[in-house]
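1. Structure here, sequence nowhere to be found:
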Ligand code: HAM
């Protein structure tokens with residue numbers, strides 16, 4: 001049998017899991033520092049949620065969703081992102097009727113039928129944070145600061161925050177007209193996808209990665225120049241708040257984001273040197289999303305960090321990952337009778353909170369000592385006939401190789417003392 005994992009997926013084996021724990025721990029702690037609470041939504045949703053929320057004409061909905069029919073004939077989709085599901089849960093549980101804002105975070109797998117490459121998978125993980133219920137520009141600044149705080153607390157230094165405003169529906173209407181005017185004569189030079197986008201969703205062309213499109217787009221009208229007074233005021237206030245916190249950013253005219261729900265503030269966190277996929281995180285305001293999903297007119301803003309990309313960036317920046325906590329004690333034995341005692345000792349040590357293991361392969365005592373060495377334990381408890389007869393255990397310090405006898409009843413206390421527990 002040579003079944004491998006599906007393309008675009010990967011396994012996290014035990015030697016790598018410690019990095020994930022650390023990542024998740026810092027993310028949770030930082031989010032909670034800012035008053036965000038964890039929310040967990042299902043891994044699949046009704047397909048319509050993403051079609052309406054993320055947008056019918058986006059790449060995600062058109063090309064990248066894992067959509068299937070269940071046995072009841074419903075169309076379901078593995079979540080490609082976490083914002084629309086949060087909006088759905090916010091509406092379904094009438095969370096909007098509670099005092100606002102609502103501050104949620106989530107960690108979990110997302111699914112996109114993307115072309116796999118370094119930093120791009122079909123099942124990947126996101127940490128995301130969403131604030132519902134406030135239009136205050138201070139909230140925009142808070143969410144960007146949270147994103148920056150998470151990566152800096154993890155040790156990342158070389159990154160760039162890109163910032164833009166995509167305005168509201170009204171400013172975009174005027175801009176779309178200008179954009180269409182600009183693009184009409186250039187249509188033949190665009191890629192196939194963008195030629196279709198000219199009429200249905202011209203904003204999507206701005207961040208097309210095809211080189212021929214990028215060349216066509218020099219001289220493109222800039223969306224920020226078309227902001228209405230309210231949107232321009234909001235953006236100026238966001239910048240003031242960021243300056244107050246000394247959060248550095250670069251203004252990026254081409255930053256429009258790949259999802260349709262964004263309004264006003266849009267931002268991304270980029271790291272150079274991790275391949276073509278330099279966006280480690282991204283987000284923005286989505287004041288129309290809750291209403292588009294069938295809820296009341298409640299604003300929102302959030303971001304998500306791609307956890308694989310963040311790990312890649314940390315490795316690229318030579319940030320040490322914490323090793324998983326290994327075993328502390330190994331219980332070695334000889335013969336059947338001692339095996340029963342060893343099994344009991346194993347239980348007692350584990351119940352006392354000491355990370356302990358034993359041999360389950362019927363190895364000789366010598367081979368068990370080798371195994372203990374390999375597992376890098378600090379101590380080995382040796383249980384043989386001599387020990388059984390005289391009611392003691394032998395304790396071996398694997399560092400100094402010193403061995404001494406210890407009364408059976410004192411074993412746990414002595415081991416705790418040595419390990420400093
Ligand atoms: P997004 O930009 O589509 O935004 O994804 C956020 C991050 O997820 C990206 O910056 C990237 O690091 C990671 N990511 C996306 N696709 C893949 C993939 N195929 N493989 C590995 N990593 C990937 C969102 O998903 C929005 N929901 C963010 C948001 C939250 N906006 C408001 N609130």
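-> Alright, I've got the coordinates. Computed from a predicted structure; not experimentally measured. Numbering: from 1, shown residues only.
2. Near the nearest residue to residue 200 once chain neighbours are set aside, how many other residues are there?
-> Nearest non-adjacent residue to residue 200, counting by Cβ to Cβ, 6 or more residues apart in numbering: residue 57, 5.1 Å away. (C-beta placed from N, C-alpha, C; glycine too.) Applying other Cβ atoms under 10 Å, we find 15 residues neighbouring residue 57.
3. swap in residue 84?
-> 25.
4. Which residues of the stretch 251-400 of the chain lie near the ligand?
-> 258-259, 279-284, 286, 302-304, 306, 308-309 (Cβ under 6 Å from any ligand atom).
5. Tell me which of these fall in strands.
-> 279, 280, 281, 282, 283, 284, 302, 303, 304, 306 (DSSP state E).
6. got those residues as JSON lines, with neighbour count and pLDDT columns?
-> Shown next, in JSON lines, are those (neighbours: other Cβ atoms under 10 Å; pLDDT from 0 to 100):
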{"residue": "279", "neighbour count": "18", "pLDDT": "95"}
{"residue": "280", "neighbour count": "25", "pLDDT": "97"}
{"residue": "281", "neighbour count": "27", "pLDDT": "98"}
{"residue": "282", "neighbour count": "21", "pLDDT": "97"}
{"residue": "283", "neighbour count": "26", "pLDDT": "98"}
{"residue": "284", "neighbour count": "28", "pLDDT": "98"}
{"residue": "302", "neighbour count": "26", "pLDDT": "98"}
{"residue": "303", "neighbour count": "23", "pLDDT": "98"}
{"residue": "304", "neighbour count": "22", "pLDDT": "98"}
{"residue": "306", "neighbour count": "23", "pLDDT": "98"}
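7. Just give me the residue right at the centre of the chain.
-> Taking Cα atoms, centre = their mean, the centroid of the chain lies closest to residue 126, which sits 2.8 Å from it.
8. quick revisit: which single one of the ones in strands among the residues of the stretch 251-400 of the chain next to the ligand is nearest to residue 148?
-> Residue 148 lies nearest to residue 281 out of those, by Cβ to Cβ, at 9.4 Å.
9. these two touch, right, the closest one and residue 306?
-> Yes: if you go by Cβ atoms under 8 Å, residue 281 and residue 306 touch, sitting 6.7 Å apart.
10. hang on, the earlier thing: any chance of the ones in strands among the residues of the stretch 251-400 of the chain next to the ligand in JSON lines, with distance to residue 122 too?
-> Putting those into JSON lines (distance: Cβ to Cβ, whole Å) gives the following:
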{"residue": "279", "distance to residue 122": "17"}
{"residue": "280", "distance to residue 122": "19"}
{"residue": "281", "distance to residue 122": "19"}
{"residue": "282", "distance to residue 122": "19"}
{"residue": "283", "distance to residue 122": "22"}
{"residue": "284", "distance to residue 122": "24"}
{"residue": "302", "distance to residue 122": "23"}
{"residue": "303", "distance to residue 122": "22"}
{"residue": "304", "distance to residue 122": "17"}
{"residue": "306", "distance to residue 122": "13"}
